[in-house]
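> what's the 3D shape of this:
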Amino acid sequence: MKPAWDQLGDEFAASSSVLIGDVDCTASGEELCQTFEIRGYPTIKYFYDGDSKGEDYQGGRDFDSLKDFVVENLEAKCDVKDGKDCSDKEKAYIEKMKGKTSDDRVKQITRLEKMAGESMKAELKAWLRQRLHILRTLEA
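Here you go, the predicted structure:
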């Protein structure tokens, strides 16, 4: 299952709404696993925006099943061009970045890409990915 999970992470790496992660429950993630009552391995949990408990995933463990589940149930799609399915926060950021020069947006992309590898809370990581999605779309 690990190759399928890693492929899924790669597939959604630039997503503005989906964060794929993993935790080693036998090492530094032991406390986190206890908090979420992980007892069997591998266990897949998914979280909707604002959900702090998470739910157990019961679907297939191959890449296609995992991807289908994410696309159908978890991925929020913000259309930067017309604001469709964008949150108010995303819409405000889109308007702000439309007012910037291309050079300014490219600098923001570079800055955010450097930050993406740093440790941060999940909601901050999600917002960082949302901003990257918006900026990359504006620069496309």
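> pLDDT weak spots in the protein?
16, 49-50 (pLDDT under 70).
> what about the strands in it?
45-46, 55-56 (DSSP state E).
> which one, of these, ends up nearest to Val80?
For Val80, the closest of these is strand 45-46, at 25.1 Å, according to C-beta to C-beta. For every residue, glycine as well, the C-beta is placed using N, CA and C.
> picking up where we left off before, quickly compare the strands of the chain and say which is most buried.
A comparison of the strands of the chain by mean neighbour count, using mean count of other C-beta atoms under 10 Å, puts strand 45-46 on top with a mean of 16.
> counting by contacts, list what it packs against.
Packed against strand 45-46 by the contact rule (3 or more C-beta pairs under 8 Å, 6 or more residues apart in numbering; DSSP states H and E) you find strand 55-56.
> Gln45 pairs with what?
I think there's a mix-up here, since residue 45 is Lys and not Gln. Asp56 (DSSP bridges).
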